[in-house]
Every structure is written in C-alpha cells, then in structure tokens.
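Enquirer: Next come a sequence and a model predicted from it.
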Amino acid sequence: LHRIGPEAFRDRALLAWGDSGAGPDDPHWAALETLPDRWSPPQRPFAAKDFLARGEIGGARLGRLMRAAEAAWVADGFPIDAGHVVALIERVRTETV
C-alpha cells in the first residue's frame, strides 16, 4: 500500500481475490481490499535536506541514501520518533556505499 498507493493496491487485491477462487463474501479478501479505507501510510519523516545538512552532496549517492533510508524506515515499521529517525539516517549513511 505504501509503495504502490491505494488505487493500485485495491486493484491488485481485487485481481488476486478473483484469481484465488474465494467467494465474493470472503471476509479476509474483503478486509484486504478495503485496507486503504482504514490505513494510510505516514509521511516520510526525513528528506534529502537531512542528508545534505550532514555533509552529503547531491547526485547518485544521495539517491542511494534516500532509497536505503526509505527501505529502512519501512522495515522499522514507519517510525516517526525524531531520535529513531536521526539514528536511521546515521545508520544509512555509514552502511550505504
């Protein structure tokens, strides 16, 4: 849902439901299809400027850092706590080539 957005998520859920052989009243598939109505991913709590402020420069490395930070943020469960986000940014800077 976070990666592809609510419309594409709903479309994919409906297609998978149809392919599954489950009936039209299946509660599990219905819950999945309506997930975008109940959950919205939080806004990413960091931006390129957060890396630039720590001495990084623009370009390909900044793109890699942003992609790695996004993946780490999702893997960590979408944290918004400032301390966690700062630690995530620093971790990504040291681990990303």
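Expert: That came in fine, so what should we check first?

Enquirer: E95 touches A68, doesn't it?
Expert: Yes. Counting by C-beta atoms under 8 Å, E95 touches A68, with 7.2 Å between them. C-beta coordinates here come from the backbone N, C-alpha and C atoms, glycine included.

Enquirer: Pick out whichever of these two has more residues nearby.
Expert: Using other C-beta atoms under 10 Å as the criterion, E95 and A68 rank with A68 on top: 17 against 10.

Enquirer: residues in contact with that one?
Expert: Going by C-beta atoms under 8 Å, 6 or more residues apart in numbering, A68 touches 92, 95-96.

Enquirer: Tell me which residue of the protein is furthest from the middle?
Expert: G23 (30.5 Å; C-alpha atoms, centre = their mean).

Enquirer: Three-state assignment for that one, please.
Expert: With DSSP: H, G, I helix; E, B strand; the rest coil as the basis, the three-state label of G23 is coil.

Enquirer: how far away is it from W29?
Expert: Distance of G23 to W29, computed by C-beta to C-beta, to the nearest Å: 9 Å.

Enquirer: Who's the closest spatial neighbour of P79, skipping the chain neighbours?
Expert: V85 (6.4 Å; C-beta to C-beta, 6 or more residues apart in numbering).

Enquirer: close enough to count as contact, that neighbour and R44?
Expert: No. At 9.3 Å, V85 and R44 do not qualify as touching, with contact defined as C-beta under 8 Å.

Enquirer: list residues touching both of those two?
Expert: Shared contacts of V85 and R44, defined by C-beta under 8 Å, 6+ apart, comprise W73.

Enquirer: Comparing these two, which shows the higher neighbour count?
Expert: Per other C-beta under 10 Å, whichever of V85 and R44 has more neighbours is V85, with 18 against 15.

Enquirer: Tell me the secondary structure at that one.
Expert: Using three-state DSSP as the criterion, the local structure at V85 reads helix.

Enquirer: Contacts only, for it.
Expert: 45-46, 73, 79.
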